[in-house]
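Q: Any chance you can model this:
(one chain, ligands or ions: 1)
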Amino acid sequence: MCYRLFDFPNNASLAPHILPEETGADFELVLVDRSARGQKDPDYLRLNPNGRIPTLVDGDLVLFEAAAICMHIADRHPEAMLIPPLRSDERSHFYKWLVFLTNTVQPPDQVPRKTSTVGPSSQACSPSPSQATCSTPPGSSTSTS
Ligand SMILES: N[C@@H](CCC(=O)N[C@@H](CS)C(=O)NCC(=O)O)C(=O)O
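A: Residues are numbered from 1 along each chain as shown. Here you go, the predicted structure:
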């Protein structure tokens, strides 16, 4: 079984990117080139009508949303022990850190924000530092999400 993960470096696919290493499962990483607006390509939109990255294809199952992808893979690979037992406190911490990773953390050197005091001020895709941000691909002048 080989998963296909459609991603772009240092974006919302950050958390799913951890999964091949943590599970040892076979993943084919398919680059969706944001700088060429690959996420709006009709073939990609058939997988993810939102036109956003990442997307996972697992056989006939197509999943978008980074957290959902992580939970799906964690469920499918209990031997990797990524997801603690139901109703345990550890499970709740798992939810917390997964949401932190998929909604709050983005690689700092790739996260220029309008409100940042250290980064360039001309690129941003988050109105607030409290929200997850997406790095703007090189050569792209539009901010999204
Ligand atoms: N909540 C979604 C966010 C996905 C998302 O916004 N991805 C951005 C990259 S960080 C994207 O694809 N932006 C391209 C666009 O909006 O056109 C997830 O976690 O998967």
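Q: Every contact and neighbour count from this point should use C-alpha atoms.
A: Will do.
Q: what's the closest non-adjacent residue to residue 55?
A: Excluding the flanking residues, the one nearest residue 55 by C-alpha to C-alpha, 6 or more residues apart in numbering is residue 64, at 4.5 Å.
Q: quick one: the strands in this protein?
A: For the chain, strands defined by DSSP state E occupy the ranges 2-7, 26-31, 55-58, 61-64.
Q: In the last one, which residues are buried?
A: For strand 61-64, a neighbour-count test (16 or more other C-alpha atoms under 10 Å) marks 63, 64 as buried.
Q: Same list, the strands of the chain, but as a markdown table with mean pLDDT and distance to residue 39 please.
A: Supplementary listing: the strands of the chain in a markdown table, determined by pLDDT from 0 to 100; distance: least, C-alpha to C-alpha, whole Å:
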| stretch | mean pLDDT | distance to residue 39 |
| --- | --- | --- |
| strand 2-7 | 96 | 9 |
| strand 26-31 | 96 | 10 |
| strand 55-58 | 98 | 10 |
| strand 61-64 | 98 | 12 |
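Q: so who does residue 32 touch?
A: Contacts of residue 32 were listed using C-alpha atoms under 8 Å, 6 or more residues apart in numbering, and they are 6, 7, 8, 38, 39, 53.
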